[in-house]
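Peer 1: turn this into a model:
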Amino acid sequence: MKKSMLVLLTLVPVAVGLVVNFTLFVPVVGSLLFFLLPLATTIFWFYLGSQYACSGWNALCSILIGNAVGILSLAVYVWQCVLLTDENVNLFLAAASQMFSAATPTYLFGRLVMLFEAQPNYIGEATALALQVIAVLYMIVIFGCGYAWGKRTAFRSQSA
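Peer 2: Presented below is the predicted three-dimensional model:
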């Protein structure tokens, strides 16, 4: 696959996040998409990581290029939602920065992120930030596993 196509495919989680967020309040369909699309994105991200293994880039470059959108969205989220005061927040940037993480199965680690709050069962700013960080780390790990799988598969096919 061409490198330009690989880079373009890194925007898929943002598109999935948009779909998840816009359909969330649609009865039945929104709930179904909220659970299924992040799992499909996880499988796709593993596949994309395996495709990056065949691209000729080394592991670190592949992981950084493949997850650049997620890392950038996390940086924008921290800038907009943590570093700025409420009256200075750009709502478009704040919402757009959460699209990448909306494509991850955040419901799997919902209880984990609440450990970052001082009060039990409280969802606040620390929980939201932890959710964003864990979502990006999750995608990096899935991508890295796909990359390792792709390298292993390519090595086995060359030795056979």
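Peer 1: can you show me the helices along this structure?
Peer 2: Along the chain, the stretches classed as helices by DSSP state H are 3-8, 12-23, 29-53, 59-66, 68-77, 91-96, 99-102, 110-113, 125-159.
Peer 1: tell me which of the ones you listed sits nearest to residue 84.
Peer 2: helix 91-96 (8.9 Å; Cβ to Cβ). Bear in mind the C-beta positions are built from the backbone N, C-alpha and C, glycine included.
Peer 1: remind me what the closest one packs against, helices and strands.
Peer 2: helix 68-77 (3 or more Cβ pairs under 8 Å, 6 or more residues apart in numbering; DSSP states H and E).
Peer 1: the helix it packs on vs helix 125-159, what angle?
Peer 2: Relative orientation of helix 68-77 versus helix 125-159 (axes from the mean of the first three to the mean of the last three Cα atoms, to 10 degrees): 170 degrees.
Peer 1: circling back to that earlier point, with distance to residue 119 added, can I get the helices of the chain in JSON lines?
Peer 2: Listed next are those as JSON lines, based on distance: least, Cβ to Cβ, whole Å:
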{"stretch": "helix 3-8", "distance to residue 119": "42"}
{"stretch": "helix 12-23", "distance to residue 119": "27"}
{"stretch": "helix 29-53", "distance to residue 119": "26"}
{"stretch": "helix 59-66", "distance to residue 119": "36"}
{"stretch": "helix 68-77", "distance to residue 119": "22"}
{"stretch": "helix 91-96", "distance to residue 119": "24"}
{"stretch": "helix 99-102", "distance to residue 119": "23"}
{"stretch": "helix 110-113", "distance to residue 119": "14"}
{"stretch": "helix 125-159", "distance to residue 119": "10"}
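Peer 1: ranking those by burial, who's on top?
Peer 2: Compared across the helices of the chain, helix 99-102 shows the largest average neighbour count, a mean of 24 (mean count of other Cβ atoms under 10 Å).
Peer 1: for it, name the packing helices and strands.
Peer 2: In terms of contacts (3+ Cβ pairs under 8 Å, 6+ apart), helix 99-102 is packed against helix 12-23, helix 68-77, helix 125-159.
Peer 1: got the CA coordinates for it in CSV?
Peer 2: Output in CSV follows, covering the C-alpha atoms of helix 99-102 (Å, rounded to 0.1, in the frame of the first residue of the first chain):
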residue,chain,number,x,y,z
MET,A,99,-13.1,12.7,18.1
PHE,A,100,-10.1,10.4,18.0
SER,A,101,-10.8,9.0,21.5
ALA,A,102,-14.5,8.6,20.7
